[in-house]
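Asker: sequence isn't available, so here's the structure alone:
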RNA sequence: GGCCCGGUGGUCAAGCGGUUAAGACUCCGCCCUUUCACGGCGGCAACACGGGUUCGAGUCCCGUCCGGGUCACCA
């Protein structure tokens, strides 16, 4: 090798970088079954888990799980400016809530698992340097001494000249600096970045196969992109090539905002002598805003943040099922055919991802979530409700905890069987929907229905907590006719003018007196859970309120 | 602005040269029903536009428009 180049290489990297060959041996191809997917989630620890990240993570997770492969988490902490203290913890917490945990890589704050680490980019500097050195010594990289101001100025001039902006070709000042000068300036301690010396041709096109979009025709990369920043830390692009190769990733699933830099990535893989992974560029999750759509914003949209779903008390299963309807639209059909099957059994396919951006549909999520909750057993529902309340509504948790059998009975009403009720979509609806089961949460409302007093008085006389459902209902009917209400709905409908109402109206008054709600599960069952004492007290109180009016 | 990616009912979407253009959510109506739900049945509602190619186009090609992305020592 050229003596000057060697001197430059020494000046930049010293003597301690490992040989790329050694690294290849240290991180050998994975011993996995044929066709296994190795996927990864590679977020930066900004203290925020975006629903879009989770969307991608779930695709990674499913693709790996389906194929008997590996899904790992790598932290892209190469930008100190964006990093946040508990960033990694927040990410892991979101994944834990959603039940989409990686099986390798960063598995807990300060904890890494797996043989392809370190999985935190700030700990991999020496690895990046080994490959950067390889490029430099091959004449495919060079130090660039341009300051941020100089680059701004360059852009301004290009803007004016009406030419493509960027550091490339003749605009790349430092590209062809004499080696001697490069070495001298580095040795003198002048700040520099390491840039790719792109061999790309201005008008050339490359075609890349994308798993969700098919053939992509893109301009070849001509930019002398920064590989190593002034502090020696790699940029995303360079780290992507090195890491995903060494960690033996087979499929890179990421948002389509990366398509624009795909030519650079492909070029980097080629120059480094790596085989590029398969790519799947997914559409971004969007939000509707006065007619238009835009991507979910972490500042403006609470639902962009995964922790919001946890706070609202959406069961993770519901979030996963909803995400899956977006991921693979045949999921709903599959779910109907396999109502009880585990999500892991769903034949997920990357190819079925939609290339266009979906609006996040909270209404649909509610529907999915109601179904998910309605399918739980009373025990499951109670347990999950308690976990949620313990974190987000301690007062409610205490009440439920104080009388667990009641909590279970309350959540067990009209549950099970063919047609379970779908009362709630999130645990934060518990208070509003079931609050009347607790004196502490119960706020009686006056009964507006005409005849309330008469109905309540009549009901007080026949109420017997020992009644079974049939008897209860028969007894209820018995008070209807004397009060001018039809005990039979059909009879009422046949001759509405002959009655004041029907048995439904009568039970409505009682329901209201006992729960202050127009809709509850089966009234007989509700009263059983409430207990005789409470029922009598509430009937009495309601009657008193009527009398006052 | 350059380059790139998208564009089927309000939403998510099947469809991949010949279909009465599926299905799900929402909404509306009916049935069931002691309430509310659930469930069942039915309804409203779509191929962005203009040119080609073709016997035939949502489906292929070109252009337009609209939406989005990207042009950093951020990922």
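Answerer: Great, that's in hand. This is a predicted model, so every value here is computed, not measured. Numbers count the residues shown, from 1 in each chain, chains lettered A, B, ... in the order given.
Asker: backbone torsions only: list them for the nearest residue to residue A:335 once chain neighbours are set aside.
Answerer: Spatial nearest neighbour of residue A:335, excluding adjacent residues (Cβ to Cβ, 6 or more residues apart in numbering): residue A:321 at 7.1 Å. Where C-beta positions appear, they are placed from N, C-alpha and C, glycine not excepted. Note on residue A:321: its backbone torsions stand at phi -60, psi -40 [degrees, to the nearest 10].
Asker: from RNA strand B, how far off is residue A:321?
Answerer: Residue A:321 sits at a distance of 11 Å from RNA strand B (criterion: Cβ to the nearest atom of the strand, to the nearest Å).
Asker: distance of whatever residue of the stretch 1-150 of chain A ends up closest to RNA strand B from residue A:92?
Answerer: The nearest approach of the stretch 1-150 of chain A to RNA strand B comes at residue A:76, 3.1 Å away (Cβ to the nearest atom of the strand). For residue A:76, the distance to residue A:92 (Cβ to Cβ, to the nearest Å) stands at 15 Å.
Asker: hmm, back to that, tell me, how many residues neighbour the residue nearest to residue A:335?
Answerer: 20 (other Cβ atoms under 10 Å).
Asker: do the one 5 residues further on as well
Answerer: Burial measure for residue A:326: 20 neighbouring residues, criterion other Cβ under 10 Å.
Asker: for it, which non-adjacent residue is spatially closest?
Answerer: Counting by Cβ to Cβ, 6+ apart, the residue nearest residue A:326 is residue A:358, at 5.2 Å.
Asker: pretty sure the one you found sits against residue A:286.
Answerer: Yes - the criterion here is Cβ atoms under 8 Å, and residue A:358 meets it with residue A:286 at 6.7 Å.
Asker: so where do the strands sit in the stretch 351-500 of chain A?
Answerer: Along the stretch 351-500 of chain A, counting by DSSP state E, counting those that start in this stretch, strands occupy A:485-486.
Asker: go on, the stretch 201-350 of chain A?
Answerer: Under DSSP E, counting those that start in this stretch, the stretch 201-350 of chain A gives strands at A:205-210, A:214-219, A:226-228, A:251-255, A:278-282, A:286-289, A:292-295.
Asker: starting at the chain centroid, how far to the last one?
Answerer: Read it as strand A:292-295. 18 Å (Cα atoms, centre = their mean, to the nearest Å).
Asker: what pairs with it, parallel or antiparallel?
Answerer: Using DSSP bridges, the strands paired with strand A:292-295 are strand A:286-289 (antiparallel).
Asker: near RNA strand B, anything from the partner strand?
Answerer: Yes - using Cβ under 7 Å from any atom of the strand, strand A:286-289 reaches RNA strand B at A:286, A:288.
Asker: who's in contact with that strand?
Answerer: A:293, A:294, A:295, A:296, A:297, A:301, A:304, A:357, A:358, A:359, A:360 (Cβ atoms under 8 Å, 6 or more residues apart in numbering).
Asker: state the mean pLDDT of that strand.
Answerer: Strand A:286-289 carries an average pLDDT of 75.
Asker: pull out the buried residues from that strand.
Answerer: By neighbour count on 16 or more other Cβ atoms under 10 Å, the buried set for strand A:286-289 is A:286, A:287.
Asker: in terms of pLDDT, where does the residue of chain A positioned farthest from its centre sit?
Answerer: When distances to the mean C-alpha position of chain A are computed (Cα atoms, centre = their mean), the maximum falls on residue A:482, with 58.4 Å. For residue A:482, the pLDDT comes out at 88.
Asker: just give the closest residue to it, not the sequence neighbours.
Answerer: residue A:458 is the one closest to residue A:482 (Cβ to Cβ, 6+ apart), at 7.3 Å.
Asker: for residue A:360, same thing?
Answerer: Using Cβ to Cβ, 6+ apart, the closest residue to residue A:360 is residue A:285 (5.2 Å).
Asker: coming back round to it: residue contacts, the residue nearest to residue A:482?
Answerer: A:479, A:482, A:483 are the contacts of residue A:458 under Cβ under 8 Å, 6+ apart.
Asker: for RNA strand B, see how far away it is.
Answerer: Counting by Cβ to the nearest atom of the strand, the gap from residue A:458 to RNA strand B is 15 Å.
Asker: check what pLDDT that residue gets.
Answerer: pLDDT at residue A:458 comes out at 91.
Asker: separation between it and residue A:288?
Answerer: Taking Cβ to Cβ, one finds residue A:458 at 52 Å from residue A:288.
Asker: and for residue A:227?
Answerer: 40 Å.
Asker: what do you get for residue A:92?
Answerer: Distance from residue A:92 to residue A:288, by Cβ to Cβ: 31 Å.
Asker: wait, a helix at residue A:164?
Answerer: No - Residue A:164 sits outside any helix when classified using DSSP: H, G, I helix; E, B strand; the rest coil, being coil.
Asker: isn't it right up against residue A:158?
Answerer: Yes - judged on Cβ under 8 Å, residue A:164 makes contact with residue A:158 at a distance of 7.0 Å.
Asker: and those two? Which one has more around it.
Answerer: residue A:158 (16 against 13).
Asker: which ones are touching the residue of the stretch 351-500 of chain A found nearest RNA strand B?
Answerer: Per Cβ to the nearest atom of the strand, residue A:356 is where the stretch 351-500 of chain A lies closest to RNA strand B, at 2.9 Å. Neighbouring residues of residue A:356 by Cβ under 8 Å, 6+ apart: residue A:283.
Asker: residues from the stretch 251-400 of chain A in reach of RNA strand B?
Answerer: So the stretch 251-400 of chain A meets RNA strand B at A:256-261, A:283-284, A:286, A:288, A:292-295, A:325-326, A:329, A:332-333, A:352, A:354-359, A:361, A:363-364, A:367 (Cβ under 7 Å from any atom of the strand).
Asker: what sits against residue A:229?
Answerer: Taking Cβ under 8 Å, 6+ apart, one finds A:78, A:193, A:235 in contact with residue A:229.
Asker: filtering the residues you listed by proximity to RNA strand B, which remain?
Answerer: Among the contacts of residue A:229, RNA strand B is touched by A:78, A:193, A:235 when using Cβ under 7 Å from any atom of the strand.
Asker: now these in TSV, please, with extra columns for neighbour count, distance to residue A:174 and pLDDT.
Answerer: Formatted as TSV, those follow (neighbours: other Cβ atoms under 10 Å; distance: Cβ to Cβ, whole Å; pLDDT from 0 to 100):
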residue	neighbour count	distance to residue A:174	pLDDT
A:78	22	22	85
A:193	22	9	97
A:235	19	17	96
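Asker: mind listing which of those residues are in helices?
Answerer: Among these, no member falls in helices (DSSP state H).
Asker: output the contacts of residue A:458 as JSON lines; include the columns distance to RNA strand B.
Answerer: Shown next, in JSON lines, are these (distance: Cβ to the nearest atom of the strand, whole Å):
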{"residue": "A:479", "distance to RNA strand B": "13"}
{"residue": "A:482", "distance to RNA strand B": "17"}
{"residue": "A:483", "distance to RNA strand B": "14"}
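Asker: looking at those, which is nearest residue A:411?
Answerer: Nearest to residue A:411, judged by Cβ to Cβ, of these is residue A:479 at 30.9 Å.
Asker: my read is that that closest one contacts residue A:459, right?
Answerer: Yes - counting by Cβ under 8 Å, residue A:479 does reach residue A:459; the two are 6.3 Å apart.
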